[in-house]
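Engineer: Provided below are the primary sequence and the corresponding predicted coordinates.
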Number of protein chains: 4
Amino acid sequence: MKTEEIKELVARARAARKNAYAPYSHYAVGAAVLAESGRVYAGCNVENAVYPSGLCAERVAIFKAVSEGERALRALVVVTTNLGSPCGACRQVFSEFAADDALIVLASARGNRRKRFTLKDILPDRFGVRHLKRRPRAER
Amino acid sequence: MKTEEIKELVARARAARKNAYAPYSHYAVGAAVLAESGRVYAGCNVENAVYPSGLCAERVAIFKAVSEGERALRALVVVTTNLGSPCGACRQVFSEFAADDALIVLASARGNRRKRFTLKDILPDRFGVRHLKRRPRAER
Amino acid sequence: MKTEEIKELVARARAARKNAYAPYSHYAVGAAVLAESGRVYAGCNVENAVYPSGLCAERVAIFKAVSEGERALRALVVVTTNLGSPCGACRQVFSEFAADDALIVLASARGNRRKRFTLKDILPDRFGVRHLKRRPRAER
Amino acid sequence: MKTEEIKELVARARAARKNAYAPYSHYAVGAAVLAESGRVYAGCNVENAVYPSGLCAERVAIFKAVSEGERALRALVVVTTNLGSPCGACRQVFSEFAADDALIVLASARGNRRKRFTLKDILPDRFGVRHLKRRPRAER
């Protein structure tokens, strides 16, 4: 991916981070995904008084993309103050729509700190639809 | 709410339903929420080979709205083939941003079948921030 | 249900609450479910640094029961300091294994405050497997 | 870890797998965790008509352990027909209670196929409490 494309994703994730609804953790996160179509979708974390009912920024961005018709995602950028990584659940959701070499970039909210991974780097031996394929056809 | 407003939400939810990613359940759902701002946000269900990692249409629409800066939601419309209700988890997520009298409308994918509820009707005695012992500080 | 049975469930939920892992919310919850078999299963909330990855006490108790082979649950007791209700997601998970008239009791951690509901009271018009059964075979 | 300990965990996970409630995916999973205390806790997947409301076997086992008072987990064994890996969300939940070198073993439901990882292998650069800006106070 070109540096310019990544810069654009970081900018989108930073802007989305401003909408973070994080009254419980006070940890604001922004995310942006680039789809095969070339379109970018951004999200932020949205928490809940029932903590398990909240959602991470990465998944908000991914679900947005898929709900707009995207089915293949090329890159995911996450913006926090301290280069926090996507949680395991977000990696799994990204995995449904991304190839091994899809790019994950962690970027700082301010300044230019960066970390780069591929999906395979951070979700090795991933579970996927290929594991379900041997399921019995007859439903109960 | 005016009938015209509901019709618009149903139309948006129906359109979003076409993007449902439901290869595992084959149960396509569309949803649309109306925010206090007057804007409408739509979503569909997005499933995952790891079933618990998927998300319902209602939550996709709500998370979209909040990630775009909305903090108060007035109505939620859900479109299915058979007037399926929002699951409990979706009711809870809606609850974080909606008042007791917020409107929930179930609409059929085709034809004009409808069911109407308020949030209080379908999530009575709801858990919320008031229950948390140490309330969060003012949000940033 | 007999008063003695409920007292036993409350005692089990209170004991389980002592194991709550709630370093983020500091809101400790205990829960106990009574299965058709007559056995009781208890749980507490288990939080996570990634807030959405935690789980509520009620679901911990229910998943325990089902993983021990139970398939029908008759009652759910929840213990908090302030009679907090089960969240919508917990109501939904209970719903998979409980009838409309299954009992939900909220009990205070100390003293004898109580609230009683049926499942139908707190999860009216619930979504369930009957909605999935009519699904089209080859959608899209 | 000794081979005998792993054999015991595999046996416990296989037994738990028999209780899998998987009427939607037909993909049965069993899991077992070994805690620092030396005790073993087992679980299976428990699905839901609302797919996102189900839970994986690994998390059922982990939540059981923590709800019984465990706070440190040493190993996780997962049993499937085809050496399916823990999903990202399960890796994250395990991560809350496990060190980098905690052991994950995938085992086949029949026969002796095995795969071994450490937590760090399958959840590199993991998000954790150290990332949260305002760390929780000492747990009660």
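Structural biologist: Happy to help now that I have it.

Engineer: give me the neighbour count for residue A:74.
Structural biologist: Burial of residue A:74 is recorded as 18 neighbouring residues (other Cβ atoms under 10 Å in any protein chain shown). Any C-beta I mention is one placed from the backbone N, CA and C, and that applies to glycine too.

Engineer: next one: the helix or strand containing it to chain centre, how far?
Structural biologist: Using DSSP states H and E, residue A:74 maps to strand A:73-80. Computed by Cα atoms, centre = their mean, to the nearest Å, the chain-centroid distance of strand A:73-80 equals 5 Å.

Engineer: can you give me the strands for chain A?
Structural biologist: Assigned by DSSP state E, the strands in chain A fall at A:30-35, A:40-44, A:73-80, A:98-108, A:114-118.

Engineer: most neighbours per residue, which of those strands?
Structural biologist: Using mean count of other Cβ atoms under 10 Å in any protein chain shown, the stretch among these with the greatest mean number of neighbours is strand A:30-35 (a mean of 28).

Engineer: tell me the angle of the top helix by length along chain A relative to strand A:30-35?
Structural biologist: Using DSSP state H, we find that the single longest helix of chain A is helix A:3-17. Our comparison of helix A:3-17 with strand A:30-35, counting by axes from the mean of the first three to the mean of the last three Cα atoms, to 10 degrees, yields an angle of 140 degrees.

Engineer: got the contact list for the residue most central in space within chain A?
Structural biologist: Among the residues of chain A, residue A:58 comes closest to the average C-alpha position under Cα atoms, centre = their mean, at 3.2 Å. With contact set as Cβ atoms under 8 Å, 6 or more residues apart in numbering or on different chains, residue A:58 has these partners: A:29, A:31, A:33, A:43, A:76, A:78, A:86-87, A:90, A:93-94.

Engineer: switch to 6 Å and redo it
Structural biologist: Contacts of residue A:58 were listed using Cβ atoms under 6 Å, 6 or more residues apart in numbering or on different chains, and they are A:31, A:78, A:86, A:90.

Engineer: from chain B, how far out is the first one?
Structural biologist: Same thing as residue A:31. According to Cβ to the nearest Cβ, to the nearest Å, residue A:31 and chain B sit 9 Å apart.

Engineer: how close does residue A:37 get to residue D:117?
Structural biologist: Relative to residue D:117, residue A:37 is positioned 35 Å away (Cβ to Cβ, to the nearest Å).

Engineer: again with residue A:58
Structural biologist: 23 Å.

Engineer: for chain A, list the residues in contact with chain B, please.
Structural biologist: Within chain A, the residues that sit near chain B (Cβ under 6 Å from any Cβ of the partner chain) are A:19, A:21, A:23-24, A:43-44, A:46, A:48-50, A:53, A:55, A:60, A:63-64, A:66-67, A:69, A:92-93, A:96, A:127-129, A:132.

Engineer: in helices, which of those appear?
Structural biologist: Going by DSSP H, the helices hold A:60, A:63-64, A:66-67, A:92-93, A:129, A:132 from those.

Engineer: chain center to the longest helix of chain A: distance?
Structural biologist: Centroid displacement of helix A:3-17 relative to its chain, using Cα atoms, centre = their mean, is 13 Å.

Engineer: go on, stretch A:1-10?
Structural biologist: Remark: stretch A:1-10 is offset 15 Å from the chain centroid, using Cα atoms, centre = their mean.

Engineer: C-alpha coordinates for that stretch, PDB please?
Structural biologist: The C-alpha coordinates for stretch A:1-10 follow below in PDB (Å, rounded to 0.1, in the frame of the first residue of the first chain):
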ATOM      1  CA  MET A   1       0.000   0.000   0.000                       C
ATOM      2  CA  LYS A   2       1.100   3.500  -0.700                       C
ATOM      3  CA  THR A   3       2.100   5.800   2.100                       C
ATOM      4  CA  GLU A   4      -0.600   8.300   0.900                       C
ATOM      5  CA  GLU A   5      -3.300   5.700   1.300                       C
ATOM      6  CA  ILE A   6      -2.200   4.900   4.800                       C
ATOM      7  CA  LYS A   7      -2.100   8.600   5.700                       C
ATOM      8  CA  GLU A   8      -5.600   9.000   4.500                       C
ATOM      9  CA  LEU A   9      -6.800   6.000   6.600                       C
ATOM     10  CA  VAL A  10      -5.000   7.400   9.700                       C
END
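
Engineer: and the contacts of that stretch?
Structural biologist: Looking at stretch A:1-10 with Cβ under 6 Å, 6+ apart, the contacting residues turn out to be A:32, A:34, A:77, A:103, A:105, A:107.

Engineer: ok, now with 10 Å
Structural biologist: Surrounding stretch A:1-10, the residues in contact under the criterion Cβ atoms under 10 Å, 6 or more residues apart in numbering or on different chains are A:30-34, A:38, A:40, A:42, A:74-79, A:103, A:105-109, A:112, A:114, A:116.

Engineer: picking up where we left off before, partner strands of the strand holding residue A:74, with direction?
Structural biologist: strand A:30-35 (antiparallel), strand A:98-108 (parallel) (DSSP bridges).

Engineer: that strand - what's its average pLDDT?
Structural biologist: Predicted confidence along strand A:73-80 averages 98 (mean pLDDT).
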